[in-house]
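1. Mind looking at a prediction? Sequence and model below.
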Amino acid sequence: MVTTISPDRLKELLDGDEDFTLIDTRPEESYEAWHVRGAVNYPFDPEEDLDGRVDEIDELVGDDDRVITICGKGLSSGNLATQLADELDDREVNAVDGGMKAWSGVYDHVEIDVGESARAVQLQRRAKGCLSYVVGCAQTGEGVAVDPTEDGDEVKAAATAADLTISAVIDTHVHADHVSGGRRLADELDVPYYLGEGAAERDVEIPFDALGRNEALEVGELSLKALYTPGHTSEMLSILVGDAAVLTADALHADSVGRTELEFSEGEGDQGARMLYESLHRTLLAEPDGLAVLPGHVTVTEDGEFVTGSPGEPIATTVREARTEMDVLQLDEEEFVSRLADPGEEPANYEEIIEINRGVRDLDPEERTELELGPNNCSA
């Protein structure tokens, strides 16, 4: 009998010292586009029979005493695991419950040092590299959720662990790579939901309270200031957390900047790049050198690795480090615009995701999850 393991248990095993072989049974094209760190590919169909090919598995597994299978939703990997359990008596065989779809919902909660007066938790969506935050006042326990995904329980758990009560929800912009959970979370908690005031110009039909340029929200004794930093989108905000940190969303990442062409029509691709150049050099990089930069994404490679940092550790930089060490920020405006002209593969289904986040389209939860599977591809 095959024992299934949860995606969170797979995370624990990946972070631990135990040796095992993770076999991804999806087609090669799906595996090459996006897979869990360390997985090997052995395409296998839900109805397929091993038919004497156990030696091939033995060669893949080598000396490991444990074999774990994973696929898109748990069907083909469950089939392979069931057959392997009958053939590999000397090895433990598991299948990942829910497959890559469930793996996409695995998070790490990372405490961020933002001084004695504030608390901050970075929620890292491990498979996609989406980063969201709960920040709040250490004295009063009042907090705000920033850029939450649809996994609202993760946000609430992070707030509870940090002794914060969420009194407002902010989306820094209309996201293109994942479905926002901001409006739903705000409704569930009966608290205000904020977007930048420029969202009205994008025909956002979801009700929201508008945050104006340089407007401050008082969260207990902590001030959260909305900095207008367009470029990735025309309404993009960054959120200044007291005098300790700035949540830069997709304006500035820890090792790159956000892509700038998704909102703008063909032939206007350089418009966003010029907006972002000004936002970076006149706003964000004008902040004090020691200010912590907490981005909205970290790039995840096709092999499931973070390009910057490691899961479970803070993904951050400082204004000084970004200004002096990030190659793209050394370019003049024309060079910057040219560099951003070819940012690479677009986020999967981004046009449909934008429509959902604007409130002009709706899908059931399972369809929304499938739309956003894969890496975020928001960096330029």
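-> Alright, I've got the coordinates. Since the structure is predicted, the reported quantities are computational estimates derived from the model, not experimental observations.

2. which stretches of the stretch 251-380 of the chain aren't confidently modelled?
-> The stretch 251-380 of the chain contains residues with pLDDT under 70 at 265-269, 375, 377, 380.

3. Can you give me the distance of residue 202 to residue 328?
-> 26 Å (C-beta to C-beta, to the nearest Å). Heads up, the C-betas are built off the backbone N, CA and C, glycines and all.

4. ugh, typo on my part, it should be residue 111
-> In this view, residue 111 and residue 328 are 29 Å apart by C-beta to C-beta.

5. Which one's more surrounded, these two?
-> Between residue 111 and residue 328, counting by other C-beta atoms under 10 Å, residue 328 is the more crowded of the two (18 against 13).

6. Tell me if the more buried one really is in a helix.
-> Yes. Residue 328 forms part of a helix when assessed by DSSP: H, G, I helix; E, B strand; the rest coil.

7. Now do it against residue 257, distance only.
-> Residue 328 is 6 Å from residue 257, where distance means C-beta to C-beta.

8. OK, contacts around residue 307?
-> Each residue near residue 307 by C-beta atoms under 8 Å, 6 or more residues apart in numbering is listed here: 255, 298, 299, 300, 301.

9. of those, closest to residue 78?
-> The shortest separation between residue 78 and any of the contacts of residue 307 is 25.3 Å, and it belongs to residue 300 (by C-beta to C-beta).

10. tell me the contacts of the residue lying closest to the closest one once chain neighbours are set aside?
-> Closest residue in space to residue 300, ignoring its immediate chain neighbours: residue 129 at 4.1 Å, by C-beta to C-beta, 6 or more residues apart in numbering. For residue 129, the contacting residues are 297, 298, 299, 300, 306, 375, 376, taking C-beta under 8 Å, 6+ apart as the criterion.

11. would you list these in a markdown table and tack on neighbour count and distance to residue 218?
-> Conversion of the contacts of residue 129 to a markdown table gives the following (neighbours: other C-beta atoms under 10 Å; distance: C-beta to C-beta, whole Å):
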| residue | neighbour count | distance to residue 218 |
| --- | --- | --- |
| 297 | 28 | 28 |
| 298 | 28 | 30 |
| 299 | 18 | 34 |
| 300 | 23 | 36 |
| 306 | 20 | 34 |
| 375 | 22 | 37 |
| 376 | 25 | 32 |
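
12. Any chance of TSV for those residues, columns distance to residue 88 and secondary structure?
-> Formatted as TSV, the contacts of residue 129 follow (distance: C-beta to C-beta, whole Å; DSSP: H, G, I helix; E, B strand; the rest coil):
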residue	distance to residue 88	secondary structure
297	39	strand
298	37	coil
299	36	coil
300	31	strand
306	32	strand
375	32	coil
376	36	coil
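
13. Which two of those have the greatest separation?
-> Counting by C-beta to C-beta, the most remote pair of those is 306 and 376, 11.7 Å apart.

14. Find the residues that touch each one of these two.
-> Overlap between the contact sets of residue 306 and residue 376, as judged by C-beta under 8 Å, 6+ apart, is given by 129, 299, 300.

15. quick one: which of those residues is nearest residue 89?
-> Of all the shared contacts of residue 306 and residue 376, residue 300 has the smallest distance to residue 89: 36.6 Å, by C-beta to C-beta.

16. List the contacts of that closest one.
-> Residues counted as contacts of residue 300 (C-beta under 8 Å, 6+ apart) are 126, 127, 128, 129, 306, 307, 375, 376.

17. ditto for residue 298
-> Applying C-beta under 8 Å, 6+ apart, one finds that residue 298 lies in contact with 124, 129, 131, 253, 254, 306, 307, 308, 309, 315.
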